[in-house]
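Colleague: structural data only, the sequence is not supplied:
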């Protein structure tokens with residue numbers, strides 16, 4: 001049971017009656033501003049160079065070190 005065109009139309013009319021055309025257009029304008037701000041923030045985040053707080057981790061070195069430590073512990 002999906003929504004038919006008539007049901008969507010009735011919901012739209014009720015929303016317009018409850019909120020009015022002005023509020024709905026203001027709300028959509030605010031949503032558009034939020035999307036633009038989000039996209040701008042994401043673009044700025046990509047453009048900024050790293051400030052050196054990134055931790056680099058090499059899993060293969062850690063695993064091989066732990067394995068060699070385990071072998072020395074078990075042989076003792």
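Modeller: That came through fine. From a predicted model like this one, the values you see are computed outputs, not experimental measurements.
Colleague: next, count neighbours for residue 31.
Modeller: Using other CB atoms under 10 Å, residue 31 has 10 neighbouring residues. Yep, even glycine has a C-beta here, placed from its N, CA and C like the rest.
Colleague: where does it land on pLDDT?
Modeller: Looking at residue 31, its pLDDT is 93.
Colleague: and if you look at residue 47?
Modeller: Reading off the model, residue 47 has pLDDT 63.
Colleague: residue contacts, residue 20?
Modeller: By CB atoms under 8 Å, 6 or more residues apart in numbering, the contact list for residue 20 is empty.
Colleague: so which strand or helix has it?
Modeller: helix 5-47 (DSSP states H and E).
Colleague: ok, residue 2 next?
Modeller: Here residue 2 is assigned to no helix or strand, by DSSP H and E.
Colleague: now it: how far from residue 19?
Modeller: 25 Å (CB to CB, to the nearest Å).
Colleague: if you count surrounding residues, which of those two has more?
Modeller: Higher neighbour count among residue 2 and residue 19: residue 19, with 13 against 4, using other CB under 10 Å.
Colleague: got the contact list for that one?
Modeller: Counting by CB under 8 Å, 6+ apart, residue 19 has contacts residue 27.
Colleague: where does the prediction get shaky in the chain?
Modeller: 1, 46-76 (pLDDT under 70).
Colleague: switch the cut-off to 90
Modeller: Counting by pLDDT under 90, the low-confidence segments of the chain come to 1-3, 12, 15-28, 41-76.
Colleague: residue 16 - how many residues pack around it?
Modeller: 12.
Colleague: which non-adjacent residue is nearest it?
Modeller: In this structure, residue 16 finds its nearest non-sequential neighbour in residue 24, 6.7 Å apart by CB to CB, 6 or more residues apart in numbering.
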